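Undergrad: the following block contains a protein sequence and its predicted model.
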Amino acid sequence: MTIRHLRIFITVAECKKMNLAAKKLYITQPTVSQAIRELEEHYGVKLFERLSKKLFITDAGKYLLFKAKNLVEQYDALEISMKENYQKESLRIGASLTVGAILLSDIINDLEEINPNLDTFAFVNNTSIIEQKLLDSSLDVAIVEGKVKSNDLISIPIIDDYLVLVCGIDHPLANKTHICLNDLENQKFVVREKGSGTRELLDDFLKFHNLNVKIVWEASSPDTIRHAVINNHCLALMPMRVMQKDILEHRMNVIYNTTDEWNRHFSLVYHKDKNITDSILLLKYILKKYKSIDIKMDDLSSKLILG
């Protein structure tokens with residue numbers, strides 16, 4: 001029994017004649033008769049009686065008619081809903097907080113400009129939470145800083161990024177031309193929350209160099225961190241892309257690490273079993289546009305000399 005059987009049955013019940021139902025449905029009368037016979041065999045009941053060349057619906061037929069109309073209406077509504085909501089390609093994009101603050105809006109604009117029929121959904125949180133969303137299929141793809149932990153995720157480094165240590169222009173370190181590790185000892189820091197790729201990199205740096213600092217602020221918002229640096233004499237290790245406007249407008253000084261310890265990438269991440277759609281390939285292509293940072297650090301910063 002199929003929806004087609006029910007449509008034919010409903011039409012016969014309404015027309016009260018097989019030949020009229022056949023004309024209305026643009027099919028042959030034998031096809032109509034066969035569909036009714038198959039329905040009757042399926043349910044083991046008579047749906048119509050023919051008396052004096054007239055067709056009369058039985059009690060079983062009346063019951064089926066009531067149910068069949070509801071079922072066909074629900075089926076048609078489902079067909080319309082699925083076509084309206086899911087025939088267009090969609091892409092659920094995750095982004096870590098840094099990416100969300102500085103790049104995601106432009107990336108989505110680029111996606112929708114190239115493919116106006118693409119429906120996008122964006123979710124922004126720290127790298128750890130984005131990783132979980134990819135693993136439980138709540139997201140299709142993500143752009144994150146830091147490293148993902150799961151072996152079930154593929155991570156492709158694609159955008160250059162590096163972190164800098166920033167301080168306000170009136171901070172005691174602001175006017176130094178060279179800074180050593182000892183200068184950071186017991187300094188006040190504003191840091192990202194646990195689970196952030198930026199926080200993980202800072203923690204590893206401090207542990208490796210056996211440095212003790214005072215963590216006086218912890219925040220997930222780049223704006224909160226900016227204000228703590230500018231107004232509260234804090235140091236912060238943050239992506240250059242996030243702080244470059246304040247640096248260029250002389251609201252902050254930047255301390256640049258001459259080693260590559262703070263160099264990293266933003267990576268495109270997706271599940272290893274994910275079907276790679278055209279929209280994911282398009283996203284990968286667009287991200288290459290944002291690969292480099294166009295700022296010469298030698299013109300802006302003092303140098304952090306390690307040792």
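TA: Cool, got the structure. In this text the structure is predicted, and so the values were computed from the model without any measurement.

Undergrad: and the pLDDT for the nearest residue to residue 101 once chain neighbours are set aside?
TA: Closest residue in space to residue 101, ignoring its immediate chain neighbours: residue 222 at 4.9 Å, by C-beta to C-beta, 6 or more residues apart in numbering. For the C-beta atoms, the positions are set from N, CA and C on the backbone; glycine is no exception. Note for residue 222: predicted pLDDT of 87.

Undergrad: residue boundaries of the strands in the stretch 101-250 of the chain?
TA: When assigned using DSSP state E, counting those that start in this stretch, the strands of the stretch 101-250 of the chain occupy the ranges 119-124, 141-145, 153-168, 178-180, 188-191, 214-218, 236-239.

Undergrad: I'd say the residue nearest to residue 101 and residue 96 touch.
TA: No - using C-beta atoms under 8 Å, residue 222 makes no contact with residue 96, being 11.3 Å away.

Undergrad: looking at the two, which one has more neighbours?
TA: Each of residue 222 and residue 96 has its neighbours counted (other C-beta atoms under 10 Å); residue 96 has more, 28 against 20.

Undergrad: ok, now how distant is that one from residue 251?
TA: With distances taken as C-beta to C-beta, to the nearest Å, residue 96 is found 24 Å from residue 251.

Undergrad: SS state for residue 56?
TA: Here residue 56 takes the strand state, with states given by DSSP: H, G, I helix; E, B strand; the rest coil.

Undergrad: disregarding residues adjacent in the polypeptide, which is nearest to it?
TA: Of all residues not flanking residue 56 in the chain, residue 49 sits nearest, at 4.9 Å (C-beta to C-beta, 6+ apart).

Undergrad: got a list of what that neighbour touches?
TA: 55-56, 58 (C-beta atoms under 8 Å, 6 or more residues apart in numbering).

Undergrad: in the helix or strand harbouring it, what's buried?
TA: Taking DSSP states H and E as the criterion, residue 49 maps to strand 48-51. Going by neighbour count (16 or more other C-beta atoms under 10 Å), the buried part of strand 48-51 is residue 48.

Undergrad: and stretch 115-123, by the same measure?
TA: Here stretch 115-123 shows 115, 118, 120, 123 as buried, counting by 16+ other C-beta under 10 Å.

Undergrad: and stretch 189-199, by the same measure?
TA: Using 16+ other C-beta under 10 Å as the test for burial, stretch 189-199 gives 189-192, 195-199.

Undergrad: pLDDT score for the residue sitting furthest away from the middle of the chain?
TA: Most distant from the centre of the chain: residue 52, at 66.3 Å, with distances by C-alpha atoms, centre = their mean. Residue-level confidence at residue 52 comes out at 78, pLDDT.

Undergrad: against residue 29, how distant is it?
TA: 19 Å.

Undergrad: cool, and residue 146?
TA: Where residue 29 is concerned, residue 146 sits at a distance of 70 Å (C-beta to C-beta).

Undergrad: so the residue nearest the centre of the chain, which of the three states?
TA: Most central in the chain under C-alpha atoms, centre = their mean is residue 93, positioned 1.9 Å from the mean C-alpha point. Here residue 93 is strand, with the state taken from three-state DSSP.
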